[in-house]
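Undergrad: only geometry, no sequence info:
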């Protein structure tokens, strides 16, 4: 019996059928720059990192060559050598903190490949026979954080509803968890996963400035005593000390001021973005846990793992179709608004709001244009992004054209 075998596909044909696999960082849609095969992620202004390193290393090198080296023989029991060693080791520590701040994922939320599915149609629009109703996405939704109503905004670029305290960085073009600011000196966004290292970098740089500043004066005073002259004549004999004293004096106002400002932000559990935009006071900030709890949240809680595996193999994305047949879906990109996360007015949630009462005035003028009714379930859209356990308590008793209802969000 003669059996006819099916023709074998050539290797070239097989390769055509299999999708091309690339690393995630090779298909990244943000503005980030990657090093070492996606192991380090920087912002588009990564060049400023090298400038910051030069501004740290150069004065310390001058200090070690012209000041600390001269102090080696002026102190007994090798204390002069210790001054030099401490300066070098502490500088390396500051550089490491700089790289840990700028070279890691600050808390980027992965983009959605498609916008979330709208839940209903505009009820104010008449739909004729044979026509598909027009679908819209609401611009904002409401969640409840510690009894306070917080609005979360839809991001047109990332096609997701931003979790509370999240914002889209226009420089890196990413949504970042607990967005603080984009720092040009470290060339990276400051967010949930690198804020701790940013504060340690700024505060350590302040201590390094004070260290160099102090021992420059020590060296000048020793010259004054050894030559029995005035302090000004002693400074003239060590021009490197004059330059370093002026440089560190100016630098400490910058990094020292940042350290004090962020100590205030940490103690009140605010981000720089929130402080400048919302001006929380103690009674209105839904994230304030008290001074001890706020410091514990920043320094003594584990840093969550990155939501992005930049070295994972992913298929190359096909080009999206220009038009979807069988109906008109209104993509929110057509109504792109260049604004950031909307937190709304912070107000305590009332009983009727938490149990299904009407809160038609919470969103204001936006509701007429949305033409929505009922509330919005954030479990499937936000809880999967943040990893936060959202409560199932939400209401659907809102009036027509409103976003009524709320979702309880326990902050962790």
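TA: Perfect, thanks for sending it. The model shown is predicted, which means the values in this text are computed figures rather than measured ones.
Undergrad: ok, which stretches of the chain are strands?
TA: Assigned strands in the chain, in chain order: 21-23, 33-35, 40-42, 140-145, 148-155, 160-161, 167-169, 174-176, 181-183, 188-190, 313-315 (criterion: DSSP state E).
Undergrad: of all these, which lies closest to residue 196?
TA: strand 188-190 (10.1 Å; CB to CB). For the C-beta atoms, the positions are set from N, CA and C on the backbone; glycine is no exception.
Undergrad: give me the below-cutoff pLDDT ranges for the stretch 51-200 of the chain.
TA: 119-135 (pLDDT under 70).
Undergrad: all helices for it, in order.
TA: 79-102, 195-227 (DSSP state H, counting those that start in this stretch).
Undergrad: these: which one's closest to residue 172?
TA: Counting by CB to CB, residue 172 lies closest to helix 79-102 out of the helices of the stretch 51-200 of the chain; the figure is 11.6 Å.
Undergrad: for that closest one, give me every contacting residue.
TA: 42-43, 46, 49, 52-53, 56-57, 60, 63-64, 68-69, 71-75, 183, 186-188, 190, 194, 197-198, 200-201, 204-205, 207-208, 211-212, 215 (CB atoms under 8 Å, 6 or more residues apart in numbering).
Undergrad: what's the closest non-adjacent residue to residue 204?
TA: Spatial nearest neighbour of residue 204, excluding adjacent residues (CB to CB, 6 or more residues apart in numbering): residue 94 at 4.9 Å.
Undergrad: what's the closest of the strands of the chain to residue 221?
TA: strand 181-183 (36.8 Å).
Undergrad: and that closest one, which residues are buried?
TA: For strand 181-183, a neighbour-count test (16 or more other CB atoms under 10 Å) marks 181, 182, 183 as buried.
Undergrad: cool, stretch 173-193 as well?
TA: 173-183, 185-193.
Undergrad: check stretch 166-175 too.
TA: Within stretch 166-175, the residues scored as buried using 16+ other CB under 10 Å are 166, 167, 168, 169, 171, 172, 173, 174, 175.
Undergrad: quote the end-to-end distance of that stretch.
TA: Length of stretch 166-175, first residue to last, CA to CA, to the nearest Å: 7 Å.
Undergrad: any idea which of the strands of the chain gets closest to residue 304?
TA: For residue 304, the closest of the strands of the chain is strand 174-176, at 12.9 Å, according to CB to CB.
Undergrad: can you name every helix or strand that that closest one contacts?
TA: strand 167-169 (3 or more CB pairs under 8 Å, 6 or more residues apart in numbering; DSSP states H and E).
Undergrad: in its sheet, what does the strand it packs on sit against?
TA: Strand 167-169 has its sheet partners listed here by DSSP bridges as strand 174-176 (antiparallel).
Undergrad: residues contacting the partner strand, please?
TA: Residues contacting strand 174-176 (CB under 8 Å, 6+ apart): 30-32, 106-109, 111, 155, 157-158, 160, 162, 166-169, 189, 191-192.
Undergrad: next one: residue 146 from residue 178, what distance?
TA: 16 Å (CB to CB, to the nearest Å).
Undergrad: ditto for residue 247
TA: 34 Å.
Undergrad: do residue 145 as well
TA: 13 Å.
Undergrad: picking up where we left off before, buried ones among the contacts of helix 79-102?
TA: Buried among the contacts of helix 79-102 by 16+ other CB under 10 Å: 42-43, 46, 49, 52, 56, 60, 63-64, 68, 71, 183, 186-188, 190, 194, 197-198, 200-201, 204-205, 207-208, 211-212, 215.
Undergrad: per-residue confidence, the residue nearest to residue 25 when sequence neighbours are not counted, what does it come out as?
TA: Counting by CB to CB, 6+ apart, residue 38 is the residue found nearest to residue 25 once chain neighbours are left out, at 3.6 Å. Looking at residue 38, its pLDDT reads 93.
Undergrad: please report the distance of residue 38 from residue 29.
TA: Note on residue 38: its distance to residue 29, by CB to CB, is 14 Å.
Undergrad: which of those two has more neighbours?
TA: residue 38 (18 against 11; other CB atoms under 10 Å).
Undergrad: list the residues that contact the more buried one.
TA: 23, 24, 25, 26, 310, 311.
Undergrad: scan those residues and report the most crowded one.
TA: Highest count within the contacts of residue 38 by other CB under 10 Å belongs to residue 25, 21 neighbours.
Undergrad: isn't that residue right up against residue 311?
TA: Yes: in this structure residue 25 lies within contact range of residue 311 using CB atoms under 8 Å: 7.1 Å.
Undergrad: now the end-to-end length of stretch 148-163.
TA: End-to-end distance for stretch 148-163, by CA to CA: 15 Å.
Undergrad: flag the shaky bits of the stretch 301-412 of the chain, pLDDT-wise.
TA: In the stretch 301-412 of the chain (pLDDT under 70), the answer is 319-412.
Undergrad: kindly recompute the last result at 90.
TA: 314-412 (pLDDT under 90).
Undergrad: next, the buried residues of stretch 152-163.
TA: Of the residues in stretch 152-163, those buried (16+ other CB under 10 Å) are 152, 153, 154, 155, 156, 157, 158, 159, 160, 161, 162, 163.
Undergrad: can you check stretch 136-150 too?
TA: 136-146, 148-150.
Undergrad: could you do stretch 87-104 as well?
TA: Using 16+ other CB under 10 Å as the test for burial, stretch 87-104 gives 87, 90-91, 94-95, 97-104.
Undergrad: now tabulate the contacts of residue 38 in CSV and tack on distance to residue 241.
TA: Compiled in CSV, the contacts of residue 38 are given as follows (distance: CB to CB, whole Å):
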residue, distance to residue 241
23, 50
24, 50
25, 46
26, 50
310, 46
311, 48
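Undergrad: name the nearest of the residues you listed relative to residue 117.
TA: Distance to residue 117 across the contacts of residue 38 (CB to CB) is lowest for residue 24, with 24.8 Å.
Undergrad: tell me if I'm right that the closest one and residue 310 touch.
TA: Yes: between residue 24 and residue 310 a contact is recorded at 4.9 Å, counting by CB under 8 Å.
Undergrad: contacts only, for residue 234.
TA: With CB under 8 Å, 6+ apart, residue 234 has these contacts: 220, 221, 223, 224, 227.
Undergrad: quick one: residue 83 from residue 64, how far?
TA: From residue 83 across to residue 64, the span is 9 Å (CB to CB).
Undergrad: for the closest residue to residue 303 other than its chain neighbours, give me its contacts.
TA: Closest residue to residue 303 apart from its sequence neighbours, by CB to CB, 6+ apart: residue 193 at 5.5 Å. If a contact means CB under 8 Å, 6+ apart, then residue 193 has 104, 105, 106, 107, 177, 303, 304, 306 as its contacts.
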